[in-house]
Structures are given as C-alpha cells and as structure tokens.
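**Q** Have a look at this fold, sequence not included:
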C-alpha cells in the first residue's frame, strides 16, 4: 500500500500499480522481479476504484495468483452449458506435484491410506461443527445421512472411488484446498476452531483436533501415483458461522461441484452434471493407470485397508461390506478392556492363534503423549532353527498406521513383543511413513523399554512361578541378548536373570539378587563357572577350592551366558568373576586354622607325599622349559586337592568355540587359523602325579615329558580349551601300552615276551610321534 501511495503521488500509470501488486503478492514465494500482467483479463484484477482503494486478497487468491481462465467443452461430468474454470498450477506447484507423484512415497499402496485419512478428517469436521451448532444451510433430507466412508471398485472401467459423507467443499474451498499443494485444509480448520474457542469470554479451550489426521496438505496428490486422472465431486454441508454468528453465503455454493485434473499442470472446476448424483460430502474418483489395474481389485483394496486404516473412527464399507470391524482398544481405558477383546486384538496384530502370556496396556503424557498396547506371546518363533523374527510392534498416529513392524520404537532384543504404539505428538516425515525427530523417537524408545522391564519385574515378584516356568524358559535368551546389546538397560535386565548354583538342586534357579543375599559379608565377588552341564561343573577341578570353603558358584551352560557375564562385569557393586581366574581368593576351609597349618607342615616334611620348596622351583622350571611352546608360566597353588594341575587366566572356551564356528562359516578352516596362546599352569605340589613326574624326569626323561604333555592336555580339557580331543589318542595308547608292559613284567612274565630293548624303542618312537603331533 505504501508503494502504491508513492506511485499515486508521482502519477504512476495503472500498469505500474498492477506490477507492484504482483510483486507484493508473490513476496516470500517467488523472486521479486517485475511481473506485469493485463489488468482487464486477470481474474484477480484491480477494481475500478483501485487508484483510491486496494481490495485485500485472501490466502488462496494469492496462492493462485498466476492462474488464467480458458474454456473446455469436452468434460462429461459437468453441466453442458455451465461455465467451467480451467486454471493452471504455478510452475513451483507443478514441480512439487511431480515430486509428490514420483518421489515422496515409498510404496504406491499408501495412496489409499492418505485418501481414507482425508475422508475421515472431513467426517470429523462435520461431526464437530454439528456438535457446536455453527453449521447452517444443510437440507433436512441430508440430516439423516450417516457419517461413513464408502469405497467402490470397478474392474470394468478400471476406477476406484472413495466417498465420504463429511463436510464437503464449495467452489472456493476446492480452489483453496486442491489448487494449492502443501496447504492442509484440515490443519487450517483446526486452527480456526481453536481461535474461535480462545476468543470466547470465559470459554474452555476447544479440544478439537485430536482425531484430525491431516497435517501437510500433500496426501490427496498421492492419488496421481496410480491414476491418469482424478475427479473430485463434492457438495458442501453448509456454511460455518463466524465470530459474530453471521453466515456468509455465495451464490452457487449449495451446488455440487467437480474438480478434475490429470496432474500435468492444469485443473478445472465446474458444476457437476445433473445426471451424476452427489450427496453431502466428497467422492474422489481415480481413473487408474493400465499397469496398476490391481488397485481396482476388491481383495487388494481390502488388504491395504486392513493394513493401514483398520482403526479409522468411522465405518468403512468396501462394495457394501464393512471392513474395519476391530476397535482401536489401545485408545480405551486399560481397565475397561476385557480379556476377550485383548485375545481378539492380539491375534489380529500378531497373526498367531495362541493366547498372550502377558499384556501391558498403558498411556503416558511425558516425554510425549503415547498410548501403547503390548503383548508377550506364549512362545517365540526363533527356536528350532527358524529364521530371526522381525520387530513385532507397529507405529500408529491418530489410529492410522505409520510404520508396520517399526524397528525404531523398541530395542532389537524386544522383537518378541507384539502390539501397537500410538502417538499424536511424534513428528512424521511428509510421506507419513517414518518418524522424523530422532531424539524424540529415542525418548519414546527409552520410555517403552523402561515400561516393559518394569512389567517383567512386577511379574517376577508377584507371579514367580509363571515368570520362571513360562516366560524365562521361553524368553531368557532375549533378556541375555539385551544385556549384550542394550547398555542403558543392562543393570535393569540383569535383575531379571536366573541361574543354577552349586548349592541348589538340579533345575533350581536363583536370581542374582538372591545369590547376593546369601553371600557372607566378607565375599566381595560373584563367582561363576562355565561348563556344558551341571555334572561336569561339579566335577571340575576349579570347584575343589570352593567346595572346601563352601562358597556358592553360579553355573552357566551356554555361550550366550559367557557373553552376558563378560559384558555385565559387575552387579550391585560386586565383580562377576570366573573361578578359573588366578586372582580368585579362597578363605580357609572350616576347621581350626592352626590344625590346618600343622597339616601343611606335616605334608611339607613328608618328602614322599609332596615336593619341597626347592623341588617345586626345580619342577616348575623343568615343566616350563619342556613345554615352552605351550606354557608361559608354571607356579604352585593351594586351590587344588584331588587334581594335579589347572590352567588359569585363559580365554573363555565357549567364546573360543563360537569364534571358531563363525570363522568356519565364513570360509575359514577349523584348525590352524586360531592358535591357542601359551597357558599359565598352576600345580598341586602335594599330588602324587606331580611327585612322580618329578622323579621320572631324572630316571626316564622321555616318559616324564610324555606325562607332562598329557597333564597339560588334561588341564585344557577341564578348561574347555582343547580344540580336538582326538589329538591325544596316539599318546594315550602309548601310555597304556607302557602300563601294560610294566604290569606284565612285575607279575613274572617272560622277558622274552616283552624285550627291554623293545620298550626303549617304543619310548623313542613315542617321543618322535609326539613331536610330529605338536608340529
């Protein structure tokens, strides 16, 4: 206006003023270049008294600033003699339309979700304005029309029609809502209703908008992905009063109108032909592309509707049959949903036929508004060699599915959980196929995970037998996977684990909390032992010291348990320590300490039963030098009583086997690629085998070396580190032969039957074979 006033003072021509109007109207959307246009022909021309008064323009008029009117008499859906406005999309609008049609959506089938959502919004608007009494102009014959969505397929004409009985559109509303891409009529309607509510004196804020789906104003144009042409037939339900309760009417607004476009840059608006019936509401007719004729098939459309729009708040009829028969029970109060509804809904979302083991139904409003309904099935589908399961929880927004089996809203270890999560606050991408705010999605993920763990903890406390016998037996593996993957939930998940222990009975499980509660005050660590079975664990040489001290040890039997302990490291301030480590501290066994000391002196003084300190040093040096390629250190220990030696500080046998298996699957070989590192060997100087080998190394060094090698292999077997036990067979056979020959000689057998030189020869051969085996 200031620019026009300046032009008037300088005597500027009418053409100059029109140029300035065009520049001002396009400010912020197009470059500020001089865009003259004829003032007489343009439908937004300046009025006759433009030199003294400038008429304000509406938003939709500005959006259609560059449209021009032409004539077209070939349309069959319009009244023959009625005027028809043909308008052209702006250049930017054409580019945006091309992006929406070809690049915005991942799956073409999403078009049906978008159009059904628009229909639902139209119905929701009508329901609201009817309830508030702000609607005027509806005919009495249309008051009884139910609020519903009707979809019709026609394979003969290759068309698909989506009809709603909602608020409808007038000519101007068609221009505004359909002629401008990325202008959301639903969003504008919500804002308008809320502004009116805010303007009321003492009035409560209008809560309307919670059920409105549309946000971006691009969903309608997804129809062009599958169509060569789109017809929109609409009849307005009436007029909405303004703040002063006055009704503004325009001639012809009560007539049904038709909007037509091929999506190539132009569209037309004209009165609907009299022979085509259009009641209150809107019908979108898609003339499908020949190569996409499957969308005119009833079964295809039904599948898409049940996938995306099965919980829309209004009835959806497909060729006369109701499609959405299941309620969105996750939006209901948890206490009002009975077991029968839960059972039916669980079978729908999980595609399974069992009953849920447990149900978690809740709603929260922080960190964002969220409603969730989660189920734990009675069994999972990964056992018995079946493939890895996909995530089982789908993301919804306002009852419309956004992402099926979403990998973003729960950690991967929760993939056994089935259900839905609905959030109105979650920002979505324009295509509404994925959540957009990564940080907010992370908060949602954290809140859901915390809720699920709390639910499992509650089950563990209040129904321990069900938790142990049903849930943990079936899903314990997933909890252990979570400890290895989900660091934030690690400590919370560790409280849900159960293990066997050395003091319990076979099959009796205790939690880590229960284990800690039974520990003596001086015990600072939690001890565990990996073994293939409980029997082998109890027979392990590593258990000898703990049996004497009556310390409880956790038994783990699978490779995933070994990973859990390695990743968890601590629990409630106590270290998780494998008992095959050298730093394990052993208290003295029950009994008088002085008596134990006397027994030790007696054992030490008896040279026939134990080695002296000098002999121990000599033996360890010889053992380490003889097996230099396999042993890094040899020392004595007091942890053993019935076993001669053990290896300590070794790598996990379970992890080693798993790594070898993975390497073999990737094309490696089972031997040679992962050499066993040198071991630390701890010997029992009081054991007869150690004493005997010490004496044999002077009288029969070859036999002493063979026995030392066999003792080391025995230690590796006990630790689960021997890759292939068959490597010991030749040595074992030779040792048995030596024992047999020695017994025959002592029993008075003929020396000719077992010549001495043959025995010496056999010992030499035994030494050579052992060298070859080691190589």
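**A** Received it, and whenever you're ready, just let me know what you need. Computed from a predicted structure; not experimentally measured.

**Q** got a pLDDT number for residue 353?
**A** Looking at residue 353, its pLDDT reads 90.

**Q** Helix or strand: which one has the closest residue to it other than its chain neighbours?
**A** In this structure, residue 353 finds its nearest non-sequential neighbour in residue 347, 6.4 Å apart by CB to CB, 6 or more residues apart in numbering. Glycine gets a C-beta too; all of them are placed from N, C-alpha and C. Secondary structure assignment for residue 347, by DSSP states H and E: helix 339-350.

**Q** And for that helix, what's in contact with it?
**A** 326-327, 329, 352-353, 355-356, 359, 361, 373, 375, 377, 392, 394, 418-420 (CB atoms under 8 Å, 6 or more residues apart in numbering).

**Q** swap the cut-off to 6 Å and go again
**A** For helix 339-350, the surrounding residues in contact (CB atoms under 6 Å, 6 or more residues apart in numbering) are 326, 329, 356, 359, 375, 418.

**Q** Relative to residue 684, how far out is residue 690?
**A** Residue 690 is 6 Å from residue 684, where distance means CB to CB, to the nearest Å.

**Q** list residues touching both of the two?
**A** With CB under 6 Å, 6+ apart, residue 690 and residue 684 have common neighbours residue 644.

**Q** on that earlier part again, can you flag the buried ones in the contacts of helix 339-350?
**A** Neighbour-count burial (16 or more other CB atoms under 10 Å) applied to those gives 329, 356, 359, 375, 418.

**Q** what residues does the helix or strand hosting the fourth one touch?
**A** Yep, that's residue 375 we're talking about. Using DSSP H and E, residue 375 sits within strand 370-376. Here strand 370-376 makes contact (CB under 6 Å, 6+ apart) with 330-331, 346, 356-364, 417-423.

**Q** I'd like the mean pLDDT over the helix or strand harbouring residue 456, please.
**A** Using DSSP H and E, residue 456 falls within helix 438-462. Averaged over helix 438-462, pLDDT sits at 93.

**Q** what's the answer for stretch 471-481, then?
**A** For stretch 471-481, the per-residue pLDDT averages 95.

**Q** List the buried residues of it.
**A** Going by neighbour count (16+ other CB under 10 Å), the buried part of stretch 471-481 is 471-472, 474-481.

**Q** just stretch 388-400 next, same as before
**A** For stretch 388-400, the neighbour count (16+ other CB under 10 Å) marks 391-400 as buried.

**Q** Could you do stretch 161-173 as well?
**A** Using 16+ other CB under 10 Å as the burial criterion, the residues of stretch 161-173 that qualify are 162-173.

**Q** Tell me which entries of these lie within strands.
**A** If you go by DSSP state E, the buried residues of stretch 161-173 have 162-164 in strands.

**Q** Give me the below-cutoff pLDDT ranges for the stretch 451-600 of the chain.
**A** Across the stretch 451-600 of the chain, the ranges flagged by pLDDT under 70 are 587-600.

**Q** Now pLDDT and distance to residue 524 too, for the buried residues of stretch 161-173, in CSV please.
**A** Formatted as CSV, the buried residues of stretch 161-173 follow (pLDDT from 0 to 100; distance: CB to CB, whole Å):
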residue, pLDDT, distance to residue 524
162, 97, 70
163, 96, 74
164, 95, 70
165, 94, 73
166, 92, 70
167, 90, 72
168, 92, 76
169, 91, 75
170, 90, 80
171, 90, 82
172, 88, 80
173, 88, 75
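
**Q** Next, give me the two most distant ones among these.
**A** The span of the buried residues of stretch 161-173, defined through CB to CB, is set by 162 and 172 at 22.6 Å.

**Q** tell me the secondary structure for residue 681?
**A** When classified by DSSP: H, G, I helix; E, B strand; the rest coil, residue 681 comes out as strand.

**Q** got it, and residue 481?
**A** Look at residue 481: counting by three-state DSSP, its state is helix.

**Q** How about residue 277?
**A** Under three-state DSSP, the three-state class of residue 277 is coil.

**Q** quick one: it and residue 163, what's the gap?
**A** From residue 277 to residue 163 the distance is 11 Å (CB to CB).

**Q** what do these two both touch?
**A** With contacts defined as CB under 6 Å, 6+ apart, no residue is adjacent to both residue 277 and residue 163.

**Q** For residue 21, give me the pLDDT.
**A** Predicted confidence (pLDDT) for residue 21: 38.

**Q** got the end-to-end distance for stretch 561-577?
**A** One end of stretch 561-577 to the other measures 13 Å (CA to CA, to the nearest Å).

**Q** Flag every buried residue along it.
**A** Neighbour-count burial for stretch 561-577, counted by 16+ other CB under 10 Å, picks out 561-565, 568, 571, 574, 576-577.

**Q** With stretch 367-383 instead?
**A** Across stretch 367-383, burial judged by 16+ other CB under 10 Å covers 368, 370-377, 380.
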